[in-house]
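In: Can you look at this prediction? I've put the sequence above it.
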Amino acid sequence: MTISITPSTHLARIYELLIDTYGEPENKPDYDPLGGLVGTILSQHTSDINSGRAYQQLVATLPTWEEVRDAPTHEVAEAIRSGGLANIKAPRIKNTLHTLTEWQQSQGGTKSLSDYLYDELTQRSPEEGWHYLRSIPGVGPKTAACVLMFNMGLAVMPIDTHVHRVSKRLGLIGSKVNADQSHDVFARITPPEWVYPLHVNLIRHGRKICHAQRPECGRCPLYSECLFARGDQGQPI
Ligand code: SF4
């Protein structure tokens with residue numbers, strides 16, 4: 001069932017200004033949520049280049065997720081060394097794979113872990129899928145949303161530091177709304193087809209102009225829509 005949400009005038013103006021400034025990015029999901037989940041764990045606290053290298057090294061060393069699950073932790077850690085924090089990420093990845101294995105076994109299933117997770121997510125609404133992924137120990141709200149949006153093409157907004165900061169300054173969310181609560185706010189106010197472009201463009205804007213320290217308000221295309229620039233930060237409009 002497709003949900004229809006009519007955006008506020010404020011959000012619509014922000015959305016259009018971001019599109020005019022940064023273009024309209026297109027999502028190209030690969031429908032590989034387990035690969036995405038492992039990749040997202042590897043991407044924590046490192047660059048995309050390093051985590052991508054670690055992922056490639058992992059699948060070259062241990063080509064199936066079942067092999068990763070069953071390999072000694074030190075072998076997994078060695079394979080992902082280039083991604084940083086290998087001794088933390090290796091057990092996290094293995095625990096995730098063991099959790100999915102236990103869940104599938106409790107249902108009497110025999111699919112590959114990749115197929116199992118894909119099928120579990122396609123049986124659920126995006127919101128249910130988000131809660132399902134979050135019930136895997138060590139999987140937080142942003143990781144769950146990234147998998148659903150980037151890998152499954154679903155309208156679930158990942159709230160990273162840029163999205164959270166810029167949205168607060170613009171007044172899309174209240175100043176006291178934390179990242180976890182922001183997820184629910186965006187689910188209520190954003191038309192599903194806007195979620196991916198809005199996410200990507202808020203990050204671009206946060207990196208290029210609306211920096212955490214010294215935002216460049218003087219050259220900001222969103223100035224007319226910004227509560228922070230008016231000295232009125234805090235209340236959604
Ligand atoms: S006007 Fe300033 S605070 Fe507001 S979005 Fe632009 S850069 Fe950020």
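Out: Now that the structure is in, tell me what you want to look at.

In: Which residue ranges make up each domain of this protein?
Out: According to automatic domain parsing, the chain comprises the domains 9-26+158-225, 33-151.

In: of all these, which lies closest to the ligand?
Out: domain 9-26+158-225 (3.1 Å; C-beta to the nearest ligand atom). Every residue, glycine included, has its C-beta placed from N, CA and C.

In: can you give me how far that closest one is from the chain middle?
Out: 15 Å (C-alpha atoms, centre = their mean, to the nearest Å).

In: Show the end-to-end separation of it, please.
Out: 10 Å (C-alpha to C-alpha, to the nearest Å).

In: as a whole number, average confidence for that domain?
Out: For domain 9-26+158-225, the mean pLDDT works out to 95.

In: Also stretch 48-59?
Out: On average, stretch 48-59 scores 94.

In: And the contacts of the top helix by length along the chain?
Out: Scanning the chain for the helix with the most residues, using DSSP state H, yields helix 86-106. For helix 86-106, contacts defined as C-beta atoms under 8 Å, 6 or more residues apart in numbering pick out 34, 37-38, 41-42, 44, 54, 65-66, 68-69, 71, 73-74, 76-78, 80, 83, 110-111, 113, 116-117, 120, 136-139.

In: Can you name the residues that contact C210?
Out: H162, R165, V166, R169, E216, C220, L222.

In: please redo it, this time with the cut-off set to 6 Å
Out: Residues in contact with C210 (C-beta atoms under 6 Å, 6 or more residues apart in numbering) are V166.

In: Please tell me how far N95 sits from V38.
Out: Distance, N95 to V38, by C-beta to C-beta, to the nearest Å: 12 Å.

In: Up against the ligand, what does the protein have?
Out: Neighbours of the ligand within the chain, by C-beta under 6 Å from any ligand atom: 166, 169-170, 209-210, 215-217, 220, 222-223, 226, 228-229.

In: Pull the most distant pair out of these.
Out: L170 and E216 (14.6 Å; C-beta to C-beta).

In: who's more crowded, these two?
Out: The neighbour comparison of L170 against E216 (other C-beta atoms under 10 Å) goes to L170, with 24 against 10.

In: what's the helix or strand for the most centrally placed residue in the chain?
Out: Nearest to the mean C-alpha position of the chain, by C-alpha atoms, centre = their mean, lies C146 at 2.3 Å. According to DSSP states H and E, C146 maps onto helix 141-146.

In: And for E67?
Out: Per DSSP H and E: E67 is located in helix 65-70.

In: and that helix, which residues are buried?
Out: W65, V68, R69 (16 or more other C-beta atoms under 10 Å).

In: since we're on A71, how many residues are nearby?
Out: 18.

In: Nearest spatial neighbour of it, chain-adjacent residues omitted?
Out: Leaving aside its chain neighbours, A71 sits nearest to L62 (5.5 Å; criterion: C-beta to C-beta, 6 or more residues apart in numbering).
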